[in-house]
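**Student:** predicted structure and sequence below. I'll ask about it afterward.
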Amino acid sequence: MFRFETAGESHGECLVATLTGLPAGIPIAVDAIQHELWRRQQGFGRGGRMKIETDQAHLVAGVRHGHTIGSPVAMIVANADSRKYRANSGRP
């Protein structure tokens with residue numbers, strides 16, 4: 001069974017996604033993931049902020065040499081502007 005979970009918020013340090021249930025050996029194309037993030041930025045109704053952000057997905061677990069290894073796949077999309085949001089909110 002596949003299970004997809006996310007954590008984080010748009011103004012936080014990062015968004016995290018995990019996908020469990022993938023068998024070993026499935027090819028993962030990071031370029032295709034990057035393309036989908038780019039497509040998201042071009043979406044209808046998006047503000048100007050979306051056009052200047054440069055989301056980059058980083059696979060941090062479950063993939064080696066472009067293929068799944070059978071463990072959960074974890075991906076992080078860091079928010080480069082999170083410090084600015086924290087500085088304006090009074091949070092550390």
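**Tutor:** Looks like it came in fine. Numbering: from 1, shown residues only.
**Student:** who does the most centrally placed residue in the chain form a beta bridge with?
**Tutor:** Nearest to the centroid of the C-alpha atoms of the chain, with distances taken as C-alpha atoms, centre = their mean, sits residue 77, at 3.4 Å. With DSSP bridges applied, residue 77 shows beta-bridge pairing to residue 15, residue 57.
**Student:** mean confidence for the helix ranked longest in the chain?
**Tutor:** When the chain is parsed with DSSP state H, its longest helix is helix 30-41. In this model, helix 30-41 has an average pLDDT of 84.
**Student:** in it, which residues are buried?
**Tutor:** Neighbour counts over helix 30-41 (16 or more other C-beta atoms under 10 Å) mark residue 33 as buried. C-betas here are computed from N, CA, C, even on glycine.
**Student:** for it, packing partners?
**Tutor:** Using 3 or more C-beta pairs under 8 Å, 6 or more residues apart in numbering; DSSP states H and E, the elements in contact with helix 30-41 are helix 48-52, strand 57-61.
**Student:** any idea how far residue 75 lies from residue 55?
**Tutor:** From residue 75 over to residue 55 the distance is 11 Å, taken as C-beta to C-beta, to the nearest Å.
**Student:** of those two, who's got more company?
**Tutor:** Neighbour count, other C-beta atoms under 10 Å: between residue 75 and residue 55, residue 75 has more, with 21 against 16.
**Student:** number of nearby residues for residue 62?
**Tutor:** Residues lying near residue 62 (other C-beta under 10 Å) number 20.
**Student:** pLDDT wise, what is the closest residue in space to it that isn't next to it in sequence at?
**Tutor:** In space, residue 62 comes closest to residue 73 once its chain neighbours are excluded; the distance is 3.5 Å by C-beta to C-beta, 6 or more residues apart in numbering. If you check residue 73, the pLDDT there is 97.
**Student:** low-scoring pLDDT stretches of this protein, where are they?
**Tutor:** Along the chain, segments meeting pLDDT under 70 span 43-54, 81-92.
**Student:** go again with 90.
**Tutor:** Residues of the chain meeting the criterion pLDDT under 90: 1, 9-14, 33-57, 77-92.
**Student:** can you measure across stretch 1-13, start residue to end residue?
**Tutor:** This stretch, stretch 1-13, spans 30 Å end to end (C-alpha to C-alpha, to the nearest Å).
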